[in-house]
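S.K.: What shape does this take:
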Amino acid sequence: MISAMDVSAQIHLERLPADVFAYVMHVSNDANWRSGVVEAGFTTEPPVGVGAEGFDRVDANGRTAESRWRVIEWEPGSHARWDLVSGPFAGTGGYICAPGGGGGTEFTLEAHIRPTGFYRLLGPIFGVLGRRQNRADVAKLKSILES
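M.R.: Numbers count the residues shown, from 1 in each chain. The predicted structure follows:
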């Protein structure tokens with residue numbers, strides 16, 4: 001069995017933590033800044049918090065995959081973490097928006113994943129590709145939020 005891989009990425013954003021958190025937790029914005037995401041949303045009624053559930057649908061080289069997740073930690077304006085409950089990966093993820101030195105936000109996209117099903121065949125390649133993709137995604141987020 002493949003162990004979980006850390007494919008997290010971090011970046012400094014010149015925006016307040018609450019603003020960054022509001023943007024990333026409006027998960028329909030995922031299609032704007034996360035590679036391959038074509039749709040994302042919550043499947044439970046507001047308010048959003050621990051226990052809320054959602055999904056994201058990605059297009060990976062012509063192959064569509066959907067992941068479902070459940071929020072396990074929620075601190076408005078600061079951080080959210082979730083468990084992946086179905087899809088091509090098992091694991092946990094999250095967004096952390098911490099005050100940055102000198103202002104702004106230190107944003108972390110947390111991702112600790114383990115490929116499942118068909119994706120297990122590609123194993124550790126997902127570690128390399130996932131880290132690269134998440135670094136590009138947080139750079140795109142910076143470009144969007146600072147423009």
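S.K.: Other residues contacting the longest strand seen in the chain?
M.R.: Taking DSSP state E as the criterion, the chain has its longest strand at strand 63-75. Strand 63-75 has contacts (Cβ atoms under 8 Å, 6 or more residues apart in numbering) with 38, 43, 48-58, 79-89, 92-94. C-beta here means a position set from N, CA and C on the backbone, and glycine is covered the same way.
S.K.: out of those residues, which are inside helices?
M.R.: Among the contacts of strand 63-75, no member is found in helices (DSSP state H).
S.K.: and the lengthiest helix in the chain, what other elements does it pack with?
M.R.: Using DSSP H to define each element, the chain has its longest helix at helix 125-146. On a contact count with 3 or more Cβ pairs under 8 Å, 6 or more residues apart in numbering; DSSP states H and E, helix 125-146 meets strand 5-6, strand 9-13, helix 17-24, helix 30-33, strand 105-115.
S.K.: Those: which one's closest to Ala139?
M.R.: Closest to Ala139 of the helices and strands packed on helix 125-146 is strand 9-13 (Cβ to Cβ; 6.5 Å).
S.K.: Note down every partner strand of the closest one and its orientation.
M.R.: Strand 9-13 has the following strand partners under DSSP bridges: strand 105-115 (antiparallel).
S.K.: shaky segments in the chain?
M.R.: Applying pLDDT under 70 to the chain picks out residues 1-2, 118-119, 121-123.
S.K.: 90 instead, please
M.R.: Confidence mapping of the chain against pLDDT under 90 gives the ranges 1-5, 60-63, 65, 87-89, 101-103, 113-130.
S.K.: looking at the helices and strands packed on helix 125-146, which is buried most?
M.R.: Comparing the helices and strands packed on helix 125-146 by mean neighbour count (mean count of other Cβ atoms under 10 Å), strand 105-115 comes out on top with a mean of 20.
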